[in-house]
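Undergrad: build me a model from this:
(chains A and B)
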Amino acid sequence: MPYKILVAINDVNDDLLNTIYNSLKPEEQVRIRGVKLMVMRISNEGRLVISIEANKLNVLRAALHSTLRLIKLTVDVIDSLML
Amino acid sequence: MKLIVTTSREPSRRTRSFVKDLTSTINGLIKISRGKRTLKDLLNIVHSYDCKGVLMVLERAGNPSALSYYVERDGNLDRMFLIKLSSIKLIREISGAQRPSSPCKPVVDNASIEGDIPTDVVDVIKTVLNAANGLDTRNAGEAVRLKFKHAGTYVSLTFECVASGRICGPELRILKVVSNAI
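TA: Model (predicted):
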């Protein structure tokens, strides 16, 4: 695929990282408009890497936007539960 | 520097054990289950782990037959070296061998080479495993010595624990090395 972007999340609480990982993992199964998403949890280093691939730049931009929004929603839900 | 170690698709039990032995012996090797991953998927994993490349264990008739070393070139994984093996011995098949408690740093020093060993074999193994030249006495307890021995048609590579002097890894019988480096 011609366009690819990597999003790495570092230095975050381990439980929050697991929650984000589990919320994004099902998205790997969805293939719409040729978008390929891959989520990898690197346990030893406490890092989460999200790789998004797409054929067109506008599709990649939309997929990245959706992914970031989903991460934000997950963090917001955790935040509301903590209050 | 880290290196991803994986197998070909649908590996045999012996190949999986070999990968397990190798990753538990050498520091910086990360074992990845192949599953249905393509080379492009492996490239994503290389980026995620920030590795220098991929070492793929190929097999023939259920036995590891070659190690293929891939590095990233122009956005793709390109094969740089192919290390052909005549056979291997797992840790459990070597009498008196021990499994290291934690992975150790590989070292090549004066005591490493016995007999006439082709220099390309030593160089390629050093490149792939990121072995240090000479033993640092401060970290001798955490080092594993690569021992190359000429044995007829093949070169025997064993891993010797510097502290105890015992074999602490699988034995590789290397037939030859094919280089695709530009």
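Undergrad: for the chain, just list every one of the helices.
TA: Just so you know, I chose chain A. A:14-24, A:57-82 (DSSP state H).
Undergrad: can you look at chain B instead?
TA: Using DSSP H, helices in chain B cover B:13-25, B:39-49, B:119-129.
Undergrad: columns mean pLDDT on top of the ones you listed, output as CSV?
TA: Shown next, in CSV, are those (pLDDT from 0 to 100):
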stretch, mean pLDDT
helix B:13-25, 95
helix B:39-49, 89
helix B:119-129, 90
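Undergrad: so which of those is nearest residue A:79?
TA: Closest approach to residue A:79 among the helices of chain B is made by helix B:39-49 (26.9 Å; Cβ to Cβ). Glycine gets a C-beta too; all of them are placed from N, C-alpha and C.
Undergrad: quick one: that closest one near chain A?
TA: Yes - residues of helix B:39-49 contacting chain A under Cβ under 8 Å from any Cβ of the partner chain: B:41, B:44-45, B:47-49.
Undergrad: so residue B:5 makes contact with residue B:33?
TA: No - with contact defined as Cβ atoms under 8 Å, residue B:5 does not count as touching residue B:33 (10.6 Å).
Undergrad: quick check: neighbours shared by those two?
TA: Here residue B:5 and residue B:33 have no joint contacts, going by Cβ atoms under 8 Å, 6 or more residues apart in numbering or on different chains.
Undergrad: so between these two, which is more surrounded?
TA: Neighbours were counted for residue B:5 and for residue B:33 using other Cβ atoms under 10 Å in any protein chain shown; residue B:5 has more, 19 against 10.
Undergrad: might you list the low-confidence residue ranges for the chain?
TA: With no chain named, the answer covers chain A. Applying pLDDT under 70 to chain A picks out residues A:1.
Undergrad: can you look at chain B instead?
TA: Using pLDDT under 70, the flagged stretches of chain B are B:137, B:140, B:181-182.
Undergrad: for it, give the residue positioned nearest to chain A.
TA: residue B:48 (3.8 Å; Cβ to the nearest Cβ).
Undergrad: so how far is residue B:43 from the residue located most distally from the centre of chain B?
TA: The centre of chain B is farthest from one residue, residue B:74, which by Cα atoms, centre = their mean lies 24.8 Å away. Distance of residue B:74 to residue B:43, given as Cβ to Cβ, to the nearest Å: 11 Å.
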